[in-house]
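Engineer: Predicted model and sequence below, questions to follow.
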Amino acid sequence: MSDTLLENEIMEFHQELDARGLNCPLPILKAKKALAELQTGEVLRIMATDPGSVRDFQAFAKQTGNALLSHVQNGREFVFLMRRK
C-alpha cells in the first residue's frame with residue numbers, strides 16, 4: 001500500500017489544523033502541539049499555504065516518527081494527513 005492517497009480518496013481524521021497564511025516554522029510548531037493532544041494512531045489534518053510546508057512536513061515526519069500519510073496540493077493550498085506515533 002502506498003503512503004500517499006489519491007486526491008479523491010477520503011480519510012477519517014480526528015483533528016484539523018488550519019495553518020493557512022502562516023509561514024515556516026509556524027505550521028510545524030502548531031502541528032507539533034496539535035499532535036501532542038492526540039492519542040497514538042489518531043490522524044491530524046493540516047491545511048497550509050506555505051510552499052515550503054511540503055518539505056518541512058516530510059522532514060518533520062522523519063524526525064519525529066509520526067507518519068505523513070498524504071499530502072495533496074490544491075492550487076496554492078496544501079493538505080496533509082499525519083498519524084501520531
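Structural biologist: It's in. Residues are numbered from 1 along each chain as shown.

Engineer: got the end-to-end distance for stretch 28-47?
Structural biologist: 11 Å (CA to CA, to the nearest Å).

Engineer: Strands of the protein, residue ranges please.
Structural biologist: With DSSP state E as the criterion, the chain has strands at 15-19, 43-48, 67-74, 77-83.

Engineer: Deepest-packed of those strands, please.
Structural biologist: Mean neighbour count (mean count of other CB atoms under 10 Å) peaks for strand 43-48 among the strands of the chain, with a mean of 22. All C-beta atoms are positioned from the backbone trio N, CA, C, and that covers glycine.

Engineer: what ranges of this protein fall below the confidence cut-off?
Structural biologist: Confidence mapping of the chain against pLDDT under 70 gives the ranges 1-10.

Engineer: on that earlier part again, closest to residue 37 out of the strands of the chain?
Structural biologist: strand 15-19 (7.1 Å; CB to CB).

Engineer: export the closest one as CSV, just CAs?
Structural biologist: Extracted C-alpha coordinates of strand 15-19, given in CSV (Å, rounded to 0.1, in the frame of the first residue of the first chain):
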residue,chain,number,x,y,z
GLN,A,15,-8.5,16.9,14.5
GLU,A,16,-8.0,19.6,11.9
LEU,A,17,-5.4,22.4,12.0
ASP,A,18,-5.8,25.5,9.8
ALA,A,19,-2.2,26.8,9.2
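
Engineer: by contact count, what packs against it?
Structural biologist: helix 26-36, strand 43-48 (3 or more CB pairs under 8 Å, 6 or more residues apart in numbering; DSSP states H and E).

Engineer: Include distance to residue 28 when you put the strands of the chain into CSV, please.
Structural biologist: Below are these laid out as CSV (distance: least, CB to CB, whole Å):
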stretch, distance to residue 28
strand 15-19, 9
strand 43-48, 9
strand 67-74, 12
strand 77-83, 11
